[in-house]
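S.K.: Sequence plus the predicted model coming up.
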Amino acid sequence: MQKATTSTAYTRQYRERLRASGDEEVLFKLPREMIALLDELKERQGLRNRSLALLQLIKRGREATQ
């Protein structure tokens, strides 16, 4: 049970650090083909993770609608 408590505390601290930096963690359920698209964009753009690829797509979509 100690490990679960440690894991919970670590997760809580991680989320607090995210919020303090102006970010928040969100869990998405996406079809596999969308994950593949994010992975492709990530690799092509040399991004660190899927989150950055998704953020880039959201920004592009936002610019297109304004």
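M.R.: Thanks, I have it. Numbering: from 1, shown residues only.

S.K.: Can you tell me the element the most centrally placed residue in the chain falls in?
M.R.: Geometric centre of the chain, nearest residue: S51, 3.4 Å, by C-alpha atoms, centre = their mean. In the assignment (DSSP states H and E), S51 maps to helix 50-65.

S.K.: can you pull the buried residues of that helix?
M.R.: In terms of neighbour count (16 or more other C-beta atoms under 10 Å), helix 50-65 has its buried residues at 50, 53-54. For the C-beta atoms, the positions are set from N, CA and C on the backbone; glycine is no exception.

S.K.: and the residues you listed as TSV, adding pLDDT and distance to Q13?
M.R.: Formatted as TSV, the buried residues of helix 50-65 follow (pLDDT from 0 to 100; distance: C-beta to C-beta, whole Å):
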residue	pLDDT	distance to Q13
R50	95	23
A53	96	26
L54	95	24
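
S.K.: Who are the contact partners of the closest residue to R48 other than its chain neighbours?
M.R.: Among residues not flanking R48 along the chain, K42 sits closest, at 7.9 Å (C-beta to C-beta, 6 or more residues apart in numbering). Applying C-beta atoms under 8 Å, 6 or more residues apart in numbering to K42 gives the contacts 48-50, 52-53.

S.K.: For the strand or helix carrying K42, buried residues please.
M.R.: Following DSSP H and E, one finds K42 within helix 32-45. For helix 32-45, the neighbour count (16+ other C-beta under 10 Å) marks 37-38, 41-42 as buried.

S.K.: now that helix: how far from the chain's centre is it?
M.R.: Relative to its chain's centre, helix 32-45 lies at 13 Å (C-alpha atoms, centre = their mean, to the nearest Å).
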